[in-house]
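Trainee: predicted coordinates and the sequence they were generated for:
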Amino acid sequence: MTINDTLDRQGIIHTDPDIMSGIPVFVGTRVPLQTFFDYLEGESGLTEFLEDFPHLSQQAMKVLETIAKAMLAQEQKARAHSA
């Protein structure tokens, strides 16, 4: 299962061909998930994203939590295979 699948299942993001040509967006908005990642890579990062999209603060934190959990699971899996 991909991170996008997990986020979709949790009701954080949504993909619909009729909304933004099917790119993943935060549920109930037209804010692309990629915009979130672009902000994270930018100078002000998460702080600026939350200032510009305060209504998405809870969803943004869930995205980060989901990614962190996936990364930890992947690391644990890699350690188990190398042992």
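Mentor: Structure's in. What do you need? Numbering: from 1, shown residues only.

Trainee: just give the nearest non-adjacent residue to G45, would you?
Mentor: The shortest distance from G45 to any non-neighbouring residue, by C-beta to C-beta, 6 or more residues apart in numbering, is to Y39 (6.3 Å). The way it works is simple: take the backbone N, C-alpha and C, and place the C-beta from them, glycine included.

Trainee: for that neighbour, what are its contacts?
Mentor: Contacts for Y39 were tallied using C-beta atoms under 8 Å, 6 or more residues apart in numbering; they are G45, L46, E48, F49, D52.

Trainee: which residues in the chain form helices?
Mentor: 3-9, 33-41, 45-52, 57-82 (DSSP state H).

Trainee: so for V27, which of these sits nearest?
Mentor: The closest of the helices of the chain to V27 is helix 57-82. By C-beta to C-beta, the value is 7.3 Å.

Trainee: run through the neighbouring helices and strands of the closest one.
Mentor: helix 3-9, helix 33-41, helix 45-52 (3 or more C-beta pairs under 8 Å, 6 or more residues apart in numbering; DSSP states H and E).

Trainee: mean pLDDT lowest where, among those helices?
Mentor: Least confident of these, judged by mean pLDDT, is helix 3-9 with a mean of 88.

Trainee: off-centre distance for that helix?
Mentor: Relative to the chain's own centre, helix 3-9 is displaced by 8 Å; criterion: C-alpha atoms, centre = their mean, to the nearest Å.

Trainee: with just CA atoms, put stretch 14-30 into CSV.
Mentor: As requested, C-alpha coordinates have been extracted for stretch 14-30 and formatted as CSV (Å, rounded to 0.1, in the frame of the first residue of the first chain):
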residue,chain,number,x,y,z
HIS,A,14,-8.8,12.6,-2.5
THR,A,15,-8.2,11.9,-6.1
ASP,A,16,-11.0,12.6,-8.6
PRO,A,17,-10.7,13.1,-12.3
ASP,A,18,-13.2,16.0,-12.1
ILE,A,19,-11.2,17.9,-9.5
MET,A,20,-7.8,19.3,-10.6
SER,A,21,-7.5,16.7,-13.3
GLY,A,22,-7.2,13.9,-10.9
ILE,A,23,-4.2,15.0,-8.9
PRO,A,24,-4.3,14.3,-5.2
VAL,A,25,-5.8,17.2,-3.2
PHE,A,26,-6.7,17.7,0.4
VAL,A,27,-10.3,16.5,1.0
GLY,A,28,-12.8,19.3,0.6
THR,A,29,-10.3,21.6,-1.2
ARG,A,30,-8.5,22.1,-4.4
